[in-house]
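*Asks:* only geometry, no sequence info:
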């Protein structure tokens, strides 16, 4: 199988923490990244997305070396925990930005935006401003934009952390559907192993800037031979 | 992206430094022999400059703290918005107009003295001396400090107020745990700002100082530039003043990470309104103090001369000139401050913050004289004079624009940089589509402050003016210089009205922008 | 962005006054060329006579004229500087920027002898203390009474470091008290309400009612009486004599239109120019006018004695006198 994300000997420094990442993600995988806060989960995502540049090492995406490439040039879309939408633009424009940064869409582009909004269940919300939306609706808009951007890799940085349990499960299910429909590679950063259990195929456990374990979901989550992991998960679920 | 931002800030930095250095160099190399000043004289002048500037800063800001707290704790009373607008007016008042307003209240023939005499208490002692200087500096700087501190207090997050409410914090603890930390961050910078404004004070110091015992470096610079005509000495004194103010910038910059006013981006305050009477008292006292002289300017201007001035084409020409200069120089100042802010958001550099204050550190009269010289040496004085007036006015206004834009740009950068980068939004597209709408409020505020500052300028225009370039303050001074006191009073009223109108263009406070 | 910059440049160029081809440029001070000043009528009269274009370039005051000429040096665009005064002459001469006026001086009507061949007078007035008759019933009758009088009644004076009237007062005290000038200042200090940077500030404070006396000119009351129909403000004659301010014009050595400049200097002493001086510049004409001066001017204080201190003496001693003043006034 081809790899969609390969990080080789990537080094990064954040304040006093030295981080080293080696990671291979299969194309079509749904990888959940778990670990205590401060372990470097978001940094890992930022490195893949291109918001941070590594001190050393290479990052290749979909078979191309992308080390040092600008975020927008990478085959990647990111959905953040918050500030996914520009408050002064309506839903339509926020999604359309994913297609064209000067908001000039042709008929096909407009159709794409319409379809994406319909797919996330927001038809009829086009002219609303972000402040008129609930938290879940805002993240749906962000997902719609990810669909419009149509990139093979989707990075999710705790996108549903602020939502309630039911809504959170519903959103995760939506992400799962999109993943299947589009054949995406997804990297989901989450502090909740429950998310991983519900949706992920694989899990990576981060601790103090290192990936201590990476493997199929159940095998990682049920492992008992790694003290840090056991300490992080608490009791077996 | 980071490199481009640093380049933008770096370019502004280079231009500002070049503006200053070229002017100083031109003055030092005139070859005109001056008579120089004695070291003792300069030392005495420097000491007095430091004394009065420190006292002015401590007094203005010290009094502004309770006023800002009171205004923050009373977010809605009739006339509050008007009061805050009026607080911005002194910025645009030529100093002599303010001085005359102040004297109408505190002077020998002022309201207070008349009240004292009428009540049988006898005449009050004259305010001329350090007292007069301090009253005038507080009149000019207390409102400014209040506005800056208030903006800071109003930036407290709604969550904080919810926590305060749930914990049942009393007024004392609200101050201790919420307001004071905000103030402590802003105070050093506001103190530094007022200190520098007071260092550069000239007309106030001489007119209200009561005698040559009250002489600041700026007076010595003016003297060197005018009567002694020793441009080299003027430049050296300017460097001394730059060194003093620069030291203050460094100390202030070192005393906190604070970047000044953090305008609340899309957040409304949830502060519980205060019912205590001390806040009303503080607001009332400050209003009385600031509005008294303004009212005197208003009343003084309501004479038949007002109609006459309004019927003169000369007035409209000066009005247009003032507005055009203010418009261009404020746009330029905001653009430069934006460049500095972009770079500052990308890289926490002390140099960038210092550059933002350069217009306060460097005496504009000296820079203006230096550039006048350069323009004449190059033989291009005629065509470039308006450009230089605009450029130097912009330089003077950058500190005000930057004090608003630096924190605002920092905040939007933290929130939307990653999103913009991932969408490939950059350059002008990002500026027009994202930054401009998001920063509309702080940009408008910065524009307004910068325009007010250049509207009131007299130092720069006095050096370059004369060849058809007459602004309202210059026109006012000309009338005053030929016995036309009533015309001048009418012009002062009109200038005050104009700056008040300008504050109406300032963006309203804290419209809920929603979306997180 | 480029379009914006272009618009900006064009808009700024619109602020520029247009420049004609054949002209005489006179560098002067602003109140001279103001609408109400003598400038406009003089311009009309001279242009009718010479068939040329007279252009004013106006700066703040006499000191600013000299400074601008020094700053401009050889690149000066003016043909004539108009508005320097007797106390600035030595310094102006030292610049070497001026050339002789070649005018006959016998038509001059000045209270002192004038022989200068470079600087040509066009008007004058004496420095005087002006007082508010509503606030002061018994004004001082001499300079000495002013200096030693009741400190309850204050005077506003100008700073000799930054203004011409201030320098005038410095000279006045020096001329009257000589070596005792320092002591005189120490006594006088108590009557001084404040020292302003220039005449405008002092006079504004005075008319505001801040003090009953101000250092101004013998001609000041004429303005109030003619323009405001008020006799409230009056000047006082001091038997010790008054220093004089003689305003002069001079031709620049590098004048681009030297012939026109000579014509203008000659015109300056004719009625076409002098008629505008009394109620335009509120000074006394230095040459005959076509009609007698307004009656209000007859009532003005006429100093019995003019303190004539040579420009060179002023230039040589200004620094020392200023230091003496600073020491006495408490710096």
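*Replies:* On my side now, so go ahead. Quantities reported herein were computed from a predicted structural model and do not represent experimental measurements. Numbers count the residues shown, from 1 in each chain, chains lettered A, B, ... in the order given.
*Asks:* For the rest of this, base every contact and every neighbour count on C-alpha atoms.
*Replies:* Will do.
*Asks:* Let me see the contact set for residue 52.
*Replies:* All of this is about chain A. A:43, A:46 (C-alpha atoms under 8 Å, 6 or more residues apart in numbering or on different chains).
*Asks:* not what I meant, chain C
*Replies:* C:22-24.
*Asks:* and what of residue B:391?
*Replies:* B:329, B:332.
*Asks:* Among the contacts of residue C:52, name the buried ones.
*Replies:* C:23-24 (16 or more other C-alpha atoms under 10 Å in any protein chain shown).
*Asks:* Okay, and which of the contacts of residue C:52 map to strands?
*Replies:* C:23-24 (DSSP state E).
*Asks:* quick one: the strands in the chain?
*Replies:* Because you didn't say which chain, this covers chain A. So, for chain A - with DSSP E - the strands run A:3-14, A:17-26, A:30-34, A:56-61, A:64-65, A:76-79, A:153-157, A:185-189, A:202-207, A:210-216.
*Asks:* out of those, which comes closest to residue B:458?
*Replies:* strand A:3-14 (50.6 Å; C-alpha to C-alpha).
*Asks:* is chain B contacted by that closest one?
*Replies:* No: against chain B, strand A:3-14 shows no contacts by C-alpha under 8 Å from any C-alpha of the partner chain, the least distance being 15.5 Å.
*Asks:* Go through that strand and flag the buried ones.
*Replies:* For strand A:3-14, by 16+ other C-alpha under 10 Å, it's A:3-12.
*Asks:* other SSEs contacting the helix or strand harbouring residue B:494?
*Replies:* Counting by DSSP states H and E, the element that carries residue B:494 is helix B:485-505. Using 3 or more C-alpha pairs under 8 Å, 6 or more residues apart in numbering or on different chains; DSSP states H and E as the contact test, the elements touching helix B:485-505 are helix B:80-88, helix B:277-301, helix B:304-310, helix B:440-455, helix B:472-480.
*Asks:* Please convert the strands of chain A to JSON lines, extending it with mean pLDDT and distance to residue B:463.
*Replies:* Formatted as JSON lines, the strands of chain A follow (pLDDT from 0 to 100; distance: least, C-alpha to C-alpha, whole Å):
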{"stretch": "strand A:3-14", "mean pLDDT": "92", "distance to residue B:463": "53"}
{"stretch": "strand A:17-26", "mean pLDDT": "93", "distance to residue B:463": "57"}
{"stretch": "strand A:30-34", "mean pLDDT": "95", "distance to residue B:463": "66"}
{"stretch": "strand A:56-61", "mean pLDDT": "94", "distance to residue B:463": "57"}
{"stretch": "strand A:64-65", "mean pLDDT": "93", "distance to residue B:463": "60"}
{"stretch": "strand A:76-79", "mean pLDDT": "91", "distance to residue B:463": "56"}
{"stretch": "strand A:153-157", "mean pLDDT": "94", "distance to residue B:463": "59"}
{"stretch": "strand A:185-189", "mean pLDDT": "95", "distance to residue B:463": "63"}
{"stretch": "strand A:202-207", "mean pLDDT": "94", "distance to residue B:463": "66"}
{"stretch": "strand A:210-216", "mean pLDDT": "94", "distance to residue B:463": "65"}
